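# Sequence first, predicted coordinates after that:
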Amino acid sequence: MKVLRVLDKVFKPQVAYAHCDIPCGIYETNTLLMAARTIERMVMVMEAIPMDKPTLKDRNNFIRCVKVKEEHAEICEKQLVTLWADFFKAEHFAKWPDLHERMWKAVNLASDTKQDVSADKVKALVTACVEISGIFEQVKVTPKEGFGGAVSDNPDSPRKKLLS
Amino acid sequence: MPTYVPGDHVLTFNWGGYGVGDVIVFRGSSRNYIKRIGKIKNEKYFVSGDNAKQSVLMAPVNKKEILGRVVFKY
């Protein structure tokens, strides 16, 4: 092992942290809903751009819309997965037996909107996100005055301990 | 006792796949993290620290963000 430590002096190891320095336990769905609505708006704008004889400006706008759509589909996916893995707990999945499937479908719809320019798919994504946000609103714990966002009802949540 | 303490060096391998229970090093938004895989779902790796009361839950990790699996510390 000492040999490895000596080798580390030549091949510098990277530092890895065992602890996240931003306490979690703060959740909201505004970012998710905003991202879904942005994708919806981008699809509307893209469908309105003439594709038979596009001008240079049309092409420029189309490419910009694709970029924004892609970015917000990525945001949507990450927000959904964070809610799925971090916020919703076993008791929520027990109360809403189809919650796993709802989350899975929403994540896949977010991914689909990257691959396609479909008003139907993005409408389904927005509907799915609104429904998930509705469930979130039912289970979130409203923090005391002065704090933003919602806390997880996980009793071990560091933020919940701060607020209790 | 913590599994790893500051100053520990670990050797990681990035082949052979990763499974539940593996300690991995992965790239976060601005730094590398070392955590244990608790669950794998839809090609997303859900990680947390071994100290359940202190550990902060993190967003799941994509495979491309994983730098390697810890094989030993020295």
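Cool, got the structure.
# Could you use CA atoms for every contact and neighbour count after this?
OK.
# all strands for chain A, in order.
A:16-17, A:26-27, A:150-151 (DSSP state E).
# next one: chain B
Going by DSSP E, chain B shows strands at B:10-13, B:23-27, B:32-41, B:44-48, B:61-62, B:66-73.
# I'd like those strands written out as a markdown table, with mean neighbour count and distance to chain A added.
Below are those laid out as a markdown table (neighbours: other Cα atoms under 10 Å in any protein chain shown; distance: least, Cα to the nearest Cα, whole Å):
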| stretch | mean neighbour count | distance to chain A |
| --- | --- | --- |
| strand B:10-13 | 16 | 9 |
| strand B:23-27 | 22 | 7 |
| strand B:32-41 | 19 | 5 |
| strand B:44-48 | 21 | 7 |
| strand B:61-62 | 16 | 10 |
| strand B:66-73 | 17 | 9 |
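# mind putting these in JSON lines, mean pLDDT included?
Formatted as JSON lines, the strands of chain B follow (pLDDT from 0 to 100):
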{"stretch": "strand B:10-13", "mean pLDDT": "90"}
{"stretch": "strand B:23-27", "mean pLDDT": "90"}
{"stretch": "strand B:32-41", "mean pLDDT": "86"}
{"stretch": "strand B:44-48", "mean pLDDT": "83"}
{"stretch": "strand B:61-62", "mean pLDDT": "85"}
{"stretch": "strand B:66-73", "mean pLDDT": "90"}
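# among the strands of chain A, where is the model least confident on average?
When the strands of chain A are compared by mean pLDDT, strand A:150-151 comes last with a mean of 44.
# for the longest helix that chain A contains, the distance to its chain's centre please.
Longest helix in chain A by number of residues (criterion: DSSP state H): helix A:56-82. Relative to the centre of its chain, helix A:56-82 is centred 14 Å away, using Cα atoms, centre = their mean, to the nearest Å.
# packing partners for it?
Secondary-structure packing of helix A:56-82 (3 or more Cα pairs under 8 Å, 6 or more residues apart in numbering or on different chains; DSSP states H and E): helix A:30-48, helix A:99-115.
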